[in-house]
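Coordinates for the following, if possible.
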Amino acid sequence: MYSEEDFLMLSGIQHFAFCQRQWALIHIEQQWAENYKTTAGELMHKKAHDEGSFEKRGDLLIVRGLRIASHELGLSGQCDVVEFHQDREGIDLFGYDGRWIPVPIEYKHGTPKENNADELQLCAQALCLEEMFQTGISQGSLYYGENRRRSRVEFTEDLRSATKKTAKRMHEMFRRGHTPNVKNSKQCKSCSLANLCLPKLQKNMNVRQYIKQNIHTGD
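A predicted model of the protein is given here:
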């Protein structure tokens, strides 16, 4: 169990799954850069994060910008949207009649990814909500802005285990203050930190090679 001063940003789990070096540059070295994708994504999240907004539609309650945290994961952040569906198997909510089941909805710019980074982030949100409300959550959804469709995500035992392991590795790397070496791949082209990370330069030449080629000792 982690104390609040040790909490890491929940949104970082998506960075970590995409590229551990990217996560370290952002969350350990505090570096950041924008590109079209990050800007478009930020605009989408601002629209979704109308913090403190409540909307009731019959047996559906929509809450935006809900702040969440988990002492087990050591993560904290915000949900874009949490839908509370009225259900007799759900939980009590102060000020509302009946019982409700929370369902996290995460908004993403673009289309579904080849890796499971988005699913891990959504599952981390569900685990936070489960801990906070002392309930079980079986599924959530990812909304992709490019195709304007929701993709349902089942919180299987495998996904839950992968989420917990990823959060643990994040804390281990953060404690060490370690930034991994470059692993150049096709996803580097879409990374907003490419000019800070310099994947091609670091792949082609290490420090010893650079010194050998560029610093003359006069021998």
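
for the helix or strand that contains Lys168, the distance to its chain's centre please.
Here Lys168, judged by DSSP states H and E, is contained in helix 157-176. Its chain's average C-alpha position is 12 Å from that of helix 157-176, according to CA atoms, centre = their mean, to the nearest Å.

ok, residues contacting that helix?
Residues outside helix 157-176 that contact it (CB atoms under 8 Å, 6 or more residues apart in numbering) are 2, 6, 8, 12-13, 16-17, 20, 23-24, 27-28, 72-75, 116, 119-120, 123-124, 127, 153, 180. (C-beta placed from N, C-alpha, C; glycine too.)

filter those residues to the buried ones?
Neighbour-count burial (16 or more other CB atoms under 10 Å) applied to these gives 2, 8, 12-13, 16-17, 20, 23-24, 27, 73-75, 116, 119-120, 123-124, 127, 153.

In contact with the closest residue in space to Glu154 that isn't next to it in sequence, which residues?
Nearest-residue entry for Glu154: Gln139, 5.2 Å, with adjacent residues in sequence omitted and distances by CB to CB, 6 or more residues apart in numbering. Residues near Gln139 by CB under 8 Å, 6+ apart: Val103, Arg152, Val153, Glu154, Phe155.

from those, which single one is nearest Ile62?
Closest to Ile62 out of the contacts of Gln139 is Val103 (10.2 Å), distances taken as CB to CB.

So what's the residue count around that closest one?
19 (other CB atoms under 10 Å).

quick one, helices of this structure?
Counting by DSSP state H, residue ranges of the helices within the chain are 12-18, 20-27, 36-48, 117-133, 157-176, 194-197, 199-204, 207-214.

if you average pLDDT over each of the ones you listed, which comes out lowest?
Sorting those by mean pLDDT places helix 36-48 lowest, at a mean of 46.

So which residue is dead centre in the protein?
With distances taken as CA atoms, centre = their mean, Ser11 lies nearest the centre of the chain, 3.0 Å away.

and that residue, what is it in contact with?
Counted by CB under 8 Å, 6+ apart, Ser11 has contacts Gly77, Gln121.

start at 45 instead
Sure, I'll start numbering at 45, so the last one becomes Ser55.

State the pLDDT value of it.
93.

Next, give phi and psi for it.
Per-residue torsions, Ser55: phi -60, psi -20 (degrees, to the nearest 10).

so how many other residues sit close to the nearest residue to Ser47 once chain neighbours are set aside?
Spatial nearest neighbour of Ser47, excluding adjacent residues (CB to CB, 6+ apart): His115 at 7.6 Å. With neighbours defined by other CB under 10 Å, the count for His115 comes to 16.

what's the span of stretch 175-195, first residue to last?
24 Å (CA to CA, to the nearest Å).

likewise stretch 181-197?
When the termini of stretch 181-197 are compared using CA to CA, they are 11 Å apart.

Verify the contact between the residue nearest to Ser47 and Met45 for me.
Yes. At 4.7 Å, His115 counts as touching Met45 under the criterion of CB atoms under 8 Å.

so how many other residues sit close to Leu186?
When neighbours are defined as other CB under 10 Å, Leu186 has 21 of them.
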